[in-house]
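Asks: Return atomic coordinates for the entry below.
(chains A and B)
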Amino acid sequence: MKIATWNVNSLKVRLPHVLDWLAAVQPDALCLQETKTEDKGFPFAELAAAGYRALHNGQKTYNGVAILARAEPTDVRPDIPGFADPQKRILAATVNGVRLVCAYMPNGSEVGSEKYAYKLKWLAALTDWLRAELARHPRLALLGDFNIAPEDRDVHDPEAWAGKILCSEPERAAFRAFIDLGLSDAFRRFEQPEKSFSWWDYRMMAFRRNLGLRIDHILLSPELAGRCRACAIDKAPRKLERPSDHAPVIAEIAD
DNA sequence: ATGGCTTGAGTGTCAAGA
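Replies: Residues are numbered from 1 along each chain as shown, chains lettered A, B, ... in the order given. Model (predicted):
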């Protein structure tokens, strides 16, 4: 089973890239973030024609998460239960016996800001819910845009980013709290090229200069981690015309 | 240098992203 995550930064704009990528890579499930649309603007028909069922938890202009799957998803749940949040950032569903949690974690804007406080509260709420979700679903994957670079090797210039948003110690502690639940960073289970990133700023020719961060992740429960055979970042779509600023991350799980 | 792109909203120009 091939599972993947991709922050597309507007599905309306990126639909051609997504359709081409689905055809080329043939994932069993793809989690999308920043669809930036309500259901009425969501391309259900185009995705169905490509062989994918789609679940969407969307809103106008901002946020929005989707799960695309070749098999019928079950036990579909939007949002973090018990955490009142108008921002559409979570969608969970079971596909082929695997519990997929698609997450668009808050950016946080700036350390010390109101948005930063919201980010930390949101991360704590997600952690609490995941603990219960893991107890119910031994085969669980948390996929998405975490907006956290977990370690200095995930940052092109650790000194410049030290203590900054996406790299601050409280954010990294929140990432480690996921690991402490028993989840494993699929990407780091394998040898990877140095300076592997999943996001590059649109400005300053950051992609060509590989000035990026690794902030998109696939975390696996112990049962899935033991079956994980590969994990990679696919930089190809970032090279296209009008790309998303994020690249997809893919993990392969043995049956 | 808080700049430097891109998107959505909406038609002038700003919020938000990371």
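
Asks: Only the buried residues of the lengthiest helix in chain A, if you could.
Replies: Assignment by DSSP state H gives helix A:114-136 as the longest helix of chain A. In terms of neighbour count (16 or more other Cβ atoms under 10 Å), helix A:114-136 has its buried residues at A:116, A:118-120, A:122-123, A:125-126, A:128-130, A:133-134. Every residue, glycine included, has its C-beta placed from N, CA and C.

Asks: can you put the residues you listed in a markdown table and add distance to DNA strand B and pLDDT?
Replies: Converted to a markdown table, the buried residues of helix A:114-136 look like this (distance: Cβ to the nearest atom of the strand, whole Å; pLDDT from 0 to 100):
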| residue | distance to DNA strand B | pLDDT |
| --- | --- | --- |
| A:Y116 | 10 | 97 |
| A:Y118 | 9 | 98 |
| A:K119 | 9 | 98 |
| A:L120 | 14 | 98 |
| A:W122 | 11 | 98 |
| A:L123 | 13 | 98 |
| A:A125 | 17 | 98 |
| A:L126 | 15 | 98 |
| A:D128 | 22 | 98 |
| A:W129 | 21 | 98 |
| A:L130 | 20 | 98 |
| A:E133 | 23 | 98 |
| A:L134 | 25 | 98 |
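
Asks: can you redo those as TSV with distance to A:M105?
Replies: Output for the buried residues of helix A:114-136, formatted as TSV (distance: Cβ to Cβ, whole Å):
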residue	distance to A:M105
A:Y116	12
A:Y118	11
A:K119	7
A:L120	11
A:W122	7
A:L123	7
A:A125	11
A:L126	8
A:D128	15
A:W129	13
A:L130	12
A:E133	16
A:L134	18
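
Asks: Which of the residues you listed sits closest to A:D28?
Replies: Distances from A:D28 to the buried residues of helix A:114-136, taken as Cβ to Cβ, are shortest for A:E133 (20.1 Å).

Asks: nearest residue to the closest one other than its sequence neighbours?
Replies: In this structure, A:E133 finds its nearest non-sequential neighbour in A:L140, 6.3 Å apart by Cβ to Cβ, 6 or more residues apart in numbering.

Asks: phi, psi of the residue of chain A positioned farthest from its centre?
Replies: Most distant from the centre of chain A: A:E159, at 25.4 Å, with distances by Cα atoms, centre = their mean. In terms of degrees, to the nearest 10, the main-chain angles of A:E159 are phi -70, psi -40.

Asks: any idea how far DNA strand B is from the spatially most central residue of chain A?
Replies: Among the residues of chain A, the one closest to the centroid is A:G144, at 1.0 Å (Cα atoms, centre = their mean). Separation of A:G144 from DNA strand B (Cβ to the nearest atom of the strand, to the nearest Å) stands at 10 Å.

Asks: sec struct for that residue, please.
Replies: strand (DSSP: H, G, I helix; E, B strand; the rest coil).

Asks: And A:S244, how close does it get to DNA strand B?
Replies: A:S244 is 8 Å from DNA strand B, by Cβ to the nearest atom of the strand.

Asks: And for that residue, nearest residue in space, chain neighbours not counted?
Replies: Closest to A:S244 by Cβ to Cβ, 6+ apart is A:N9, at 4.5 Å.
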